[in-house]
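whatever this is, show me its structure:
(2 chains)
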Amino acid sequence: MRKLNNLIQPHWHMALYVYSTAVIMTIIYDFGGHLGLSVIYRNYAGVLLFTCIMLGAGVSYAGARLAGALPLRATKIGLLLPLLWYLKELWMAIKIYGFGAGIYTGLQGFYLYYFGLIFMVMGVFHLCLECYQKTFVKRYKAMWRCSAYFFVPLLLFLGIEVLGWFFLGIDILFFRGFLEGYRLIFM
Amino acid sequence: MKRVRDKHRLKRRVWRGASVIFTAALGCCFVYAAAPGSETETVATTHARPPNIVFILADDHRWDYLSVKGHPFIETPNVDRIATEGILFDNAFVTTSLCSPSRASFLTGQYPQQHGVQNNFTPWNNNNVTFFEYLKQQGYSTAFIGKWHMPGGIPTLRGMDLFVTFDNVGGQGTYFNTPYIVNGKSLKVGETPVPGAAVSGYITDDLTNFSLRYIEDNRDQPFVLYLSHKAVHLPMKPDDEAAGRYDTQQVALPEDADSWLAFANGNFKHFLWGSLEEKIKDYAETAVAMDQQIGRVMDKLDELGLADNTLLVYAADNGYLWGEHRLIDKRWSYEESIRVPFVVRYPGVISEPGSHSTEMILNLDLAPTILEVAGIPVPKHMQGQSLLPLLKGGGGDKVFRDAWLYSYFEDFPYPVPAQNAIRTKDYKLVDYERGKQDELFDLRVDPRERNNLINDSSMTQTRLRLEKQLKKLKERASYTLPPSDTSAQELR
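Next up, the predicted model:
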């Protein structure tokens, strides 16, 4: 384990813990029923799995930052698990709808908002870390400015939705607009 | 001589007196019979005219969420009452488990391959002929009240006297404060589409209010009412009375499900974000709220003395998977998705009230049944079969239907593969277009479809036979049928 730890850069350690937890929980959650595992354990596994998917990016980001990574690198590390989950979703869609439409599925509001939220979560962790380090680390030069970037994706998607409702009276990213796009491209 | 004359006079007087008394008595009877609300009126008027037809359609109500089906906690006394006074079909199915195609099949008596509404993209073609047209030609008053929800917007349906619907939220409507559309005219929230009917704000109550008013207004002529509820579709919101009814209820999930399934495997796209148990309770409460309103319709028919001459049918457009196969959806050809409640009350015609039928019936069968009940020949373009022989208890040993075709057409972006299936009494073969291995189930020993026998060598013969049958059924569903307007023309 120590050897493995030495092989992998410390920036990645937390992200890999999160990733490993998610994989183990997926196995328990998705296949526990077949293995005769009671629903209570599957429920616990589900909570941990969904926590990893939603908050894992923030935890990985914090781990990477505490191990010395700069915000940009920590952000890339934080995106590991969300990207893998996203690819799994795309793969499911491609199997059913073919390559083009499957990829297009990935543009639906659910996924865009998911990434918007993931960035926001990393932003919240970033702010907490900056506060913590400012308070407890001597001569720490806080990086407040880059905090704003973490909230841009979510604000952008919300803005698109608001404009869609305001000017067209429809939701753009989830159903109406998204499905119109599908009609235009694939039908 | 005088005595003889007197005797004759007396005889004439007696006769005259008797005839006066008889005429007076007859007059009294006539006046009494004509008095509104009298018992005699029911007999005099209802049996002298074609039967009324009331069809109540629920959305996503699966077949076993009824107390009459032995559900552990849901209370549906009114649907149960239809069943105890009529007939309950234990094996009722839809040919496509999705709102729009299934609804079009109820209206036209055709497979989606014919009426063209195959998913949420393919629009309703207004050349489709609904059973309303035939009934209108026969002198019926016709009303469609409720959820239309088919792609292509709200059509101008031929043969409709009253068409109340809504198109907000892409035709789904909302449980509270839906603005209605009446005969093509859009109304504001709170405006009533049926003069004299109250708008309470809760959609199930509203649609029932409109229906009751319509029934009252048309009590003196044969009518057909199609009451199409939004309930119990997502987001499954009960009214205040039913809300919280099952808060403390323990819900047992299916074996392979868990509490967080609504977030997993693409299920999150249905916005059922919460624990599965809580969502099931919402669903049950919404169904209870709807059941109460169904009771109001039945009470109105009783109150007006129309029940004895009314065909009353309750059904749903599709079922719903609540965690079985780790799915929360319809669309799939699994039993929970394709089975629907189907209960019929038709006093005087149903030979054994309170009975169950195990014959396999389909949503396509509604239109031919309604036409036959109204005394209209079933046109050739309808692909369903009239259920009237089953209602009458006839048919003997003859099997009503031995196999049928299920088709699900791609409905982007839901993660469900396009599929065709053949369902017989004993087996189900599912042919997925892509993305999933085909499935074969022996329903006699595996009614929950947990053991896929597609690769079982002992089942090869059965599989081949079913494949052949499936191919034939698919061809038959897509045959070029006699043009519907020709058949309609024949009736004119």
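
how much space between the closest residue to residue A:97 other than its chain neighbours and residue A:175?
Of all residues not flanking residue A:97 in the chain, residue B:412 sits nearest, at 6.2 Å (Cβ to Cβ, 6 or more residues apart in numbering or on different chains). Heads up, the C-betas are built off the backbone N, CA and C, glycines and all. For residue B:412, the distance to residue A:175 equals 11 Å [Cβ to Cβ, to the nearest Å].

and those two? Which one has more around it.
residue B:412 (23 against 17; other Cβ atoms under 10 Å in any protein chain shown).

check what pLDDT that one gets.
For residue B:412, the model assigns a pLDDT of 92.

now do residue B:264
Predicted confidence (pLDDT) for residue B:264: 89.

for burial, what's the neighbour tally of it?
So residue B:264, with other Cβ under 10 Å, has 19 neighbours.

tell me the contacts of the residue nearest to residue A:97?
Taking Cβ atoms under 8 Å, 6 or more residues apart in numbering or on different chains, we find residue B:412 in contact with A:97, A:101, A:105, A:179, A:182, A:186, B:121.

work out for me the element the second one sits within.
Yep, that's residue A:101 we're talking about. According to DSSP states H and E, residue A:101 maps onto helix A:99-105.

tell me if that helix is near chain B.
Yes. Helix A:99-105 comes into contact with chain B (Cβ under 8 Å from any Cβ of the partner chain), by way of A:101, A:105.

in chain A, which residue is most central in space?
residue A:82 (3.6 Å; Cα atoms, centre = their mean).

that's a helix at it, yeah?
Yes. When classified by DSSP: H, G, I helix; E, B strand; the rest coil, residue A:82 is found to be part of a helix.

quick one, phi psi at the residue lying closest to it once chain neighbours are set aside?
Counting by Cβ to Cβ, 6+ apart, residue A:82 lies nearest to residue A:118, which is 4.9 Å off, once chain neighbours are set aside. With angles defined as degrees, to the nearest 10, residue A:118 sits at phi -60, psi -40.

which ones are touching residue A:118?
Residues in contact with residue A:118 (Cβ under 8 Å, 6+ apart) are A:54, A:57, A:78, A:79, A:82.

enumerate the residues of chain B near chain A.
Selection of chain B residues close to chain A by Cβ under 8 Å from any Cβ yields B:120-121, B:170, B:253, B:255-260, B:263-266, B:268-269, B:326, B:410, B:412-413, B:415-417, B:434-436.

mind checking which of the residues you listed are in helices?
Judged by DSSP state H, helices contain none of these.

and the gap between the residue nearest to residue A:97 and residue A:89?
Going from residue B:412 to residue A:89 by Cβ to Cβ gives 14 Å.

where in chain A is pLDDT low?
A:1, A:4 (pLDDT under 70).

got the residues of it near chain B?
A:29-30, A:33, A:39, A:42-43, A:46-47, A:50, A:89, A:92-93, A:95-98, A:101, A:105, A:108, A:110, A:175-176, A:178-179, A:182-183, A:186-187.

now residue B:274: closest residue in space that isn't a chain neighbour?
Nearest one to residue B:274, counting by Cβ to Cβ, 6+ apart, is residue B:262 at 6.5 Å.

can you check residue A:78 too?
Sequence neighbours aside, residue A:61 is the residue nearest to residue A:78 in space, at 3.7 Å (criterion: Cβ to Cβ, 6+ apart).

what residues are up against residue B:425?
Residue B:425 makes contacts with B:360, B:402, B:443, as judged by Cβ under 8 Å, 6+ apart.

please apply the same query to residue B:426.
Residue B:426 makes contacts with B:442, B:443, B:444, as judged by Cβ under 8 Å, 6+ apart.

drop anything exposed from the residues you listed.
Neighbour counting over the contacts of residue B:426 (16 or more other Cβ atoms under 10 Å in any protein chain shown) leaves residue B:442 as the buried ones.

closest one of the contacts of residue B:426 to chain A?
Nearest to chain A among these, counting by Cβ to the nearest Cβ, is residue B:442 at 20.1 Å.

the closest one and residue B:453 touch, don't they?
Yes. Proximity of residue B:442 to residue B:453 meets the contact threshold set by Cβ atoms under 8 Å, at 6.2 Å.

overlap in contacts of those two?
Common neighbours of residue B:442 and residue B:453 (Cβ under 8 Å, 6+ apart) are residue B:459.

need the max-distance pair from the contacts of residue A:118.
The span of those, defined through Cβ to Cβ, is set by A:54 and A:79 at 13.5 Å.

what about the residue in the stretch 1-150 of chain B that chain A sits nearest to, distance to residue B:151?
Among all residues of the stretch 1-150 of chain B, residue B:121 sits closest to chain A, at 6.6 Å; criterion: Cβ to the nearest Cβ. Here the distance between residue B:121 and residue B:151 works out to 6 Å (Cβ to Cβ).

which residues touch whichever helix or strand residue A:74 is part of?
Taking DSSP H and E as the criterion, residue A:74 maps to helix A:71-78. In this structure, residues lying in contact with helix A:71-78 by Cβ under 8 Å, 6+ apart are A:11-12, A:15, A:56-58, A:60-65, A:69, A:118-119, A:122, A:126, A:143, A:146.

buried residues, that helix. List them.
Residues of helix A:71-78 classed as buried: A:71, A:73, A:74, A:75, A:76, A:77, A:78 (neighbour count, 16+ other Cβ under 10 Å).

now do stretch A:35-47
Neighbour-count burial for stretch A:35-47 flags A:39, A:42, A:43, A:44, A:45, A:46 (criterion: 16+ other Cβ under 10 Å).

picking up where we left off before, and the contacts of residue B:412, which two are the farthest apart?
Counting by Cβ to Cβ, the most remote pair of the contacts of residue B:412 is A:105 and B:121, 14.9 Å apart.

returning to what we had before: closest one of the buried residues of helix A:71-78 to residue A:157?
Closest approach between the buried residues of helix A:71-78 and residue A:157, by Cβ to Cβ: residue A:75, at 17.7 Å.

could you measure from the closest one over to chain B?
25 Å (Cβ to the nearest Cβ, to the nearest Å).

follow-up on the earlier one: of the contacts of helix A:71-78, which belong to helices?
Using DSSP H, those in helices are A:11-12, A:15, A:56-58, A:60-65, A:118-119, A:122, A:126.

got a list of what residue B:60 touches?
Residue B:60 touches B:99, B:232, B:233, B:234, B:316, B:317, B:318, B:319, B:320, B:330, counting by Cβ under 8 Å, 6+ apart.

you'd agree the fifth one is up against residue B:56?
Yep, that's residue B:316 we're talking about. No. Residue B:316 lies out of contact with residue B:56 (Cβ under 8 Å); the separation is 9.6 Å.
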